[in-house]
Structures are given as structure tokens and as C-alpha cells.
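Asker: The sequence and its predicted three-dimensional model are supplied below.
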Amino acid sequence: MKRFHVHISVEDIDFSIRFYSTLFAAAPTVQRPDYAKWMLDDPRVNFAISRRGHAPGVNHLGWQVESAEDLQSMRAQLQAADARLVEQTGEACCYARSDKYWISDPTGIAWETFHTLGSIAVFGEDTPAPSDNASCCIPPKNAGTVTKAACCGPARVANRG
């Protein structure tokens with residue numbers, strides 16, 4: 001079974017946590033000084049917000065799957081949608097370690113499909129940002145090589161068309 005995933009960049013994390021907690025009538029499942037996540041069952045969604053110095057708005061969308069087999073079974077479908085699929089194994093991002101695939105829609109919105117392997121104590125393993133300002137959470141323009149940067153930033157990939 002899949003769970004829809006939405007990640008939004010926010011300016012004021014405390015205000016946003018209060019807003020979404022009221023909207024969802026639930027406290028976050030995970031809450032850190034720069035991040036919060038709600039694992040909602042109705043609708044079935046993994047809704048995350050973060051304040052990481054990026055412009056407010058949609059960071060990325062995606063699917064959370066429950067097993068490595070589910071993730072692998074999505075590969076052909078994702079690659080058919082975007083041949084520049086990026087694969088990441090054991091990636092540290094958003095206080096979790098996950099195996100994931102990234103694609104982008106025609107407008108440049110990143111779509112992440114992932115299987116969470118476990119939680120970690122840090123947001124992600126930050127490394128210097130490449131010159132194209134891509135991020136570990138956004139597939140880089142040169143999809144053959146995964147370039148990591150400060151994790152989960154709303155860098156936009158080039159429009160396809």
C-alpha cells in the first residue's frame with residue numbers, strides 16, 4: 001500500500017506546526033526545531049514541513065511505500081514517466097534513512113518515491129551545494145550522477161520541454 005507524500009517549505013516552523021496541527025486535528029508524529037511530519041490515515045498521507053532556508057511552497061511530492069519490494073515494483077512506472085530517474089540507496093534525509101527514486105514532472109516539480117529504513121538523529125548528511133543548487137531530495141539535472149547537497153531543498157530541475 002502507498003501513502004501520498006507532500007513536503008512543504010515554510011518560513012515560520014512554530015506557526016506552521018500550530019496551523020497544520022489544528023487543520024489535521026492531530027499533533028505531528030515527528031517534530032524537530034526545523035521539521036515536522038504528520039502520518040495521517042484519513043486521508044492516507046505523509047505530510048511534512050521544514051524550515052531550511054528555502055523559498056516557502058511545495059518542496060516535493062511523492063509516494064511512501066511499505067517495502068523494498070513495493071519500491072522496486074514502482075521503478076518501471078516511474079522510469080516510464082521520466083527516463084532520468086535517479087536512484088538513491090540508504091539516503092539520510094528528513095530525519096530518516098531511506099531508499100528512494102526521484103523523477104520530475106513536466107513543470108519541474110520533484111516526485112520522490114521512497115521506502116523508509118529507519119529514523120536518524122539529524123535532518124540529513126549535509127554536503128556543499130553544487131553549482132546548480134540541486135539537493136539530495138531533488139534529482140540533479142545530470143540524472144546519471146547523484147549529487148548530494150544540503151538535504152531537502154526546493155531546487156527546481158530544468159523544464160523538459
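Answerer: Yep, that arrived.

Asker: Low-confidence ranges, this protein, go.
Answerer: Counting by pLDDT under 70, the chain shows low-confidence ranges at 120, 122-161.

Asker: just the helices in it please.
Answerer: In the chain, the helices defined using DSSP state H lie at 13-24, 68-81.

Asker: Please convert these to TSV, extending it with distance to L61 and mean neighbour count.
Answerer: Backbone N, C-alpha and C define where each C-beta goes, glycine included. Below are those laid out as TSV (distance: least, Cβ to Cβ, whole Å; neighbours: other Cβ atoms under 10 Å):
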stretch	distance to L61	mean neighbour count
helix 13-24	16	14
helix 68-81	13	13
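
Asker: which residues does S9 contact?
Answerer: Listed by Cβ atoms under 8 Å, 6 or more residues apart in numbering, the contact set of S9 reads 49-52, 54-59, 153-154.

Asker: So which of the residues you listed belong to strands?
Answerer: Counting by DSSP state E, the contacts of S9 place 49-50, 57-59 in strands.

Asker: With neighbour count and distance to Q72 as added columns, please give the residues you listed in JSON lines.
Answerer: Formatted as JSON lines, the ones in strands among the contacts of S9 follow (neighbours: other Cβ atoms under 10 Å; distance: Cβ to Cβ, whole Å):
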{"residue": "I49", "neighbour count": "22", "distance to Q72": "29"}
{"residue": "S50", "neighbour count": "26", "distance to Q72": "28"}
{"residue": "G57", "neighbour count": "9", "distance to Q72": "31"}
{"residue": "V58", "neighbour count": "12", "distance to Q72": "27"}
{"residue": "N59", "neighbour count": "27", "distance to Q72": "25"}
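
Asker: Out of those, which is nearest to T113?
Answerer: Closest approach to T113 among the ones in strands among the contacts of S9 (Cβ to Cβ): N59, at 15.2 Å.

Asker: Hmm, that closest one is touching Y35, no?
Answerer: No - judged on Cβ atoms under 8 Å, N59 makes no contact with Y35 at a distance of 11.1 Å.
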